[in-house]
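Trainee: my questions concern the predicted model and sequence given below.
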Amino acid sequence: MNFKVGDEVVVIAGSDKGKKGKIIKTYKNEGKVVVEGVRMVKKHQKPNGQTEGGIIEVEAAIDASNVMIIDPKTKKRTRIGHTTDEKTGKKVRITKKSNEKID
């Protein structure tokens, strides 16, 4: 999985298709990501010392194959590629459409 926390993504499949948001959390072992404002589910919460009880809405995880990263240059969805940086020799992520470096 090539996504990191903070990446701007768009949902390409499911009931929230077309929604955009930032990745809040990644679950690499399960291949899932949590995107802010996408796949909102209701959760029943008991009151404790910090929060009051009730029904709250939280984001649920969606499969990483159902999101694509947004190209910072063209503002369209794109795939992620990898290349090595000439200066540092480290592996970096790039966008396939515009060959822009991500991060």
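Mentor: Happy to help now that I have it. Residues are numbered from 1 along each chain as shown.
Trainee: and the residue of the chain most remote from its centre, what does it touch?
Mentor: For the chain, the residue at maximal distance from the C-alpha centroid (C-alpha atoms, centre = their mean) is Gly49, at 31.5 Å. Contact partners of Gly49, counting by C-beta atoms under 8 Å, 6 or more residues apart in numbering, are absent. Where C-beta positions appear, they are placed from N, C-alpha and C, glycine not excepted.
Trainee: that one is in what secondary structure piece?
Mentor: Assigned by DSSP states H and E, Gly49 belongs to no helix or strand.
Trainee: Arg93 now?
Mentor: Counting by DSSP H and E, Arg93 is found in strand 91-95.
Trainee: helices or strands next to that strand in the packing?
Mentor: Secondary-structure packing of strand 91-95 (3 or more C-beta pairs under 8 Å, 6 or more residues apart in numbering; DSSP states H and E): strand 80-84.
Trainee: so what are the sheet partners of the strand it packs on and their directions?
Mentor: Take DSSP bridges as the rule and strand 80-84 pairs in its sheet with strand 91-95 (antiparallel).
Trainee: how about the strand it pairs with: buried residues?
Mentor: 93-95 (16 or more other C-beta atoms under 10 Å).
Trainee: over to stretch 68-77?
Mentor: In stretch 68-77, counting by 16+ other C-beta under 10 Å, buried: 68-71, 77.
Trainee: and the residue nearest the centre of the chain, what is it in contact with?
Mentor: Geometric centre of the chain, nearest residue: Ile23, 3.3 Å, by C-alpha atoms, centre = their mean. The contact partners of Ile23, by C-beta under 8 Å, 6+ apart, come to 3-7, 9, 33-36.
Trainee: show me which pair in the residues you listed is furthest apart.
Mentor: Lys4 and Glu36 (14.4 Å; C-beta to C-beta).
Trainee: alright, I will stop here.
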